[in-house]
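Novice: here is my input; please provide its structure:
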Amino acid sequence: MTYGSETWSLTMGLIRRLRVTQRAMERNEEIRRRTRVTDIAQRVANLKWQWAGHIARRTDGRWGLKVLEWRPRTGKRSVGRPQTRWTDDIRRVAGSRWREAAQDRALWNSLQKTYVQQWTSIG
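Specialist: Residues are numbered from 1 along each chain as shown. Next up is the predicted model:
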């Protein structure tokens with residue numbers, strides 16, 4: 001269920017839908033106890049945080065970091081609130097200089113708990 005979740009823009013709606021799906025699959029607390037499955041929101045947030053650190057620390061010139069920095073120039077903006085970007089929730093926890101923060105693994109790992117906690121407290 002979490003395949004590719006590192007690349008998702010996390011939103012409260014997405015987390016709610018994932019939790020509903022997880023609970024529908026597990027049916028009751030007895031199945032949860034037996035399988036020892038962690039909360040899906042915690043798992044997805046953890047995977048995304050680890051991937052963000054990995055991408056920020058890359059120095060081999062692959063296009064992953066370039067895609068994050070890319071801003072399309074397409075004339076008019078669409079009406080309404082802008083969609084949540086992949087880095088928005090990371091910036092809320094680590095700040096606008098999150099890529100520099102990711103270089104220090106001790107700091108990055110200490111911020112991970114805060115990041116994961118913000119998504120586990122929802123819903």
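
Novice: would you state the helices of the protein in chain order?
Specialist: Using DSSP state H, the helices of the chain run over residues 12-26, 29-35, 40-57, 64-69, 88-94, 98-103, 105-120.

Novice: buried deepest among those helices, which one?
Specialist: helix 40-57 (a mean of 19; mean count of other CB atoms under 10 Å). Heads up, the C-betas are built off the backbone N, CA and C, glycines and all.

Novice: who's in contact with that one?
Specialist: For helix 40-57, the external contacting residues (CB atoms under 8 Å, 6 or more residues apart in numbering) are 1-2, 5-8, 10, 15, 18-19, 21-22, 64-65, 68, 87, 90, 98-99, 102-103, 105, 108, 111-112, 115-116, 118-120, 122-123.

Novice: 7 Å instead?
Specialist: With CB atoms under 7 Å, 6 or more residues apart in numbering as the test, helix 40-57 has contacts from 1-2, 5-6, 10, 15, 18-19, 22, 64-65, 90, 98-99, 102-103, 108, 112, 115-116, 119-120, 122.
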